[in-house]
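S.K.: The following block contains a protein sequence and its predicted model.
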Amino acid sequence: MTDHTKWADSEPFTFISTESPIQPTPLYDVYEELTSAKVADLDLQLTASLRAHYPDLTLTAVPASNVPLLLYAAQGGAEAMLETDTDRVVRWRGYVRGQRRGEAGRLGDVNFYAQYRYNWGKEEFLLYTVALGGTTLQYILKSPGHNETPMGHCAATDALLLAAMKALLGNEDEFVYVFDNFWQRSHELWLEVQHASWDKVILDQNMKTELQDVAGRFFDSEEVYKRYGVPWKRGLIWHGPPGNGKTISIKALMKTLYDRKEPVPTLYVKVSCHVDVAI
């Protein structure tokens with residue numbers, strides 16, 4: 001007698017179900033579910049917490065990208081003292097390469113949350129810096145002045161912000177935009193360019209003359225390019241080992257462009273492979 005049960009267990013073939021397979025959830029439904037939840041406003045919560053902790057102080061919130069108070073202090077305009085005894089610090093530690101050729105690197109910090117005692121002249125402030133996403137917010141706390149209230153603006157804080165930006169911006173025409181991970185205005189580089197000279201460049205005189213001439217002819221020929229429908233673009237590439245004069249030549253050319261009857265402003269890009277580019 002045949003053992004049908006044993007035969008069924010050893011059957012190598014299986015039946016295909018006629019039922020419809022499980023349908024995946026439409027992508028839009030997943031997207032809607034993930035993006036429709038309530039989002040916490042951290043700025044609102046931090047503001048409320050600071051007002052609760054310091055009910056007698058005025059509170060001013062300013063993005064660091066708008067008025068960088070720590071940069072102003074680093075340049076000598078004020079004094080920022082990191083507080084580690086009264087509050088915690090959230091930061092990264094890492095290597096910072098030298099800004100100039102031959103300059104040794106060093107270790108530095110990136111603070112994501114920090115408290116500072118901030119002194120500007122005779123005025124004292126309490127400053128919090130907090131990283132929120134891609135933005136760093138600065139919360140400035142200050143005792144109210146005459147006829148001021150904790151919920152209003154503070155004249156001393158406003159004066160600090162205006163002084164910081166006046167010092168950082170300097171003369172609107174005396175800076176070069178520099179890109180080094182992000183764009184910033186450099187008065188120091190502008191000064192270096194103003195003192196740059198082809199006489200300081202060790203290069204064949206004919207080559208130096210040709211570099212100046214080719215740049216001059218290009219900026220004098222915009223109408224010719226337009227007349228023939230040719231894109232008004234020109235590239236010059238310097239190459240060679242470190243120390244052979246590429247950077248000083250670029251600065252000398254930037255000075256040549258500044259000295260034109262109609263000055264040509266330039267941008268300065270520092271690439272990660274230590275290549276300097278003037279645009």
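M.R.: Perfect, I can see it now.

S.K.: Could you use CA atoms for every contact and neighbour count after this?
M.R.: Fine.

S.K.: so how far is residue 27 from residue 159?
M.R.: 52 Å (CA to CA, to the nearest Å).

S.K.: Can you read off the pLDDT for residue 264?
M.R.: Residue 264 is assigned a pLDDT of 88 by the prediction.

S.K.: isn't there a helix covering residue 192?
M.R.: Yes - counting by DSSP: H, G, I helix; E, B strand; the rest coil, residue 192 is located in a helix.

S.K.: so how many other residues sit close to it?
M.R.: Residue 192 has 14 neighbours, counted by other CA atoms under 10 Å.

S.K.: quick one: low-confidence ranges for this protein?
M.R.: 1-25, 100-101, 172, 271-279 (pLDDT under 70).

S.K.: Give me the sheet partners of the top strand by length along it and which way each runs.
M.R.: In the chain, taking DSSP state E as the definition, the longest strand is strand 106-120. Under the criterion DSSP bridges, strand 106-120 sits next to strand 79-83 (antiparallel), strand 90-96 (antiparallel), strand 123-132 (antiparallel) in its sheet.

S.K.: So which of those strands is nearest residue 182?
M.R.: Nearest to residue 182 among the strands paired with strand 106-120 is strand 90-96 (15.0 Å), distances taken as CA to CA.

S.K.: what about that closest one, distance to the chain center?
M.R.: Strand 90-96 sits 16 Å away from the centroid of its parent chain (CA atoms, centre = their mean, to the nearest Å).

S.K.: again, but for stretch 162-177
M.R.: 17 Å.

S.K.: now stretch 246-258
M.R.: Worked out by CA atoms, centre = their mean, stretch 246-258 lies 25 Å from the chain centre.

S.K.: just stretch 150-160 next, same as before
M.R.: 27 Å.

S.K.: End to end on it, go ahead and measure it.
M.R.: With CA to CA, one end of stretch 150-160 sits 17 Å from the other.

S.K.: This structure - how does it break down into domains?
M.R.: When the chain is parsed with automatic domain parsing, its domains come out as 42-169, 176-278.

S.K.: Can you check which of those domains gets nearest to residue 32?
M.R.: domain 42-169 (22.0 Å).

S.K.: tell me how far the ends of the closest one are from each other?
M.R.: First-to-last residue span, domain 42-169, CA to CA: 30 Å.

S.K.: repeat for stretch 84-93
M.R.: End to end - CA to CA - stretch 84-93 spans 16 Å.

S.K.: Not counting its own residues, what contacts that stretch?
M.R.: By CA atoms under 8 Å, 6 or more residues apart in numbering, the residues outside stretch 84-93 that reach it are 107-115.

S.K.: ok, then the element right after whichever strand or helix holds residue 247?
M.R.: Here residue 247, judged by DSSP states H and E, is contained in helix 246-258. The helix or strand immediately downstream of helix 246-258 is strand 267-270, counting by DSSP H and E.

S.K.: Would you give the sheet partners of that next one, along with the direction of each?
M.R.: Pairing partners of strand 267-270, with direction, according to DSSP bridges: strand 176-179 (parallel), strand 276-278 (antiparallel).

S.K.: what bridges to residue 61?
M.R.: With DSSP bridges as the rule, residue 61 is bridged to residue 139.
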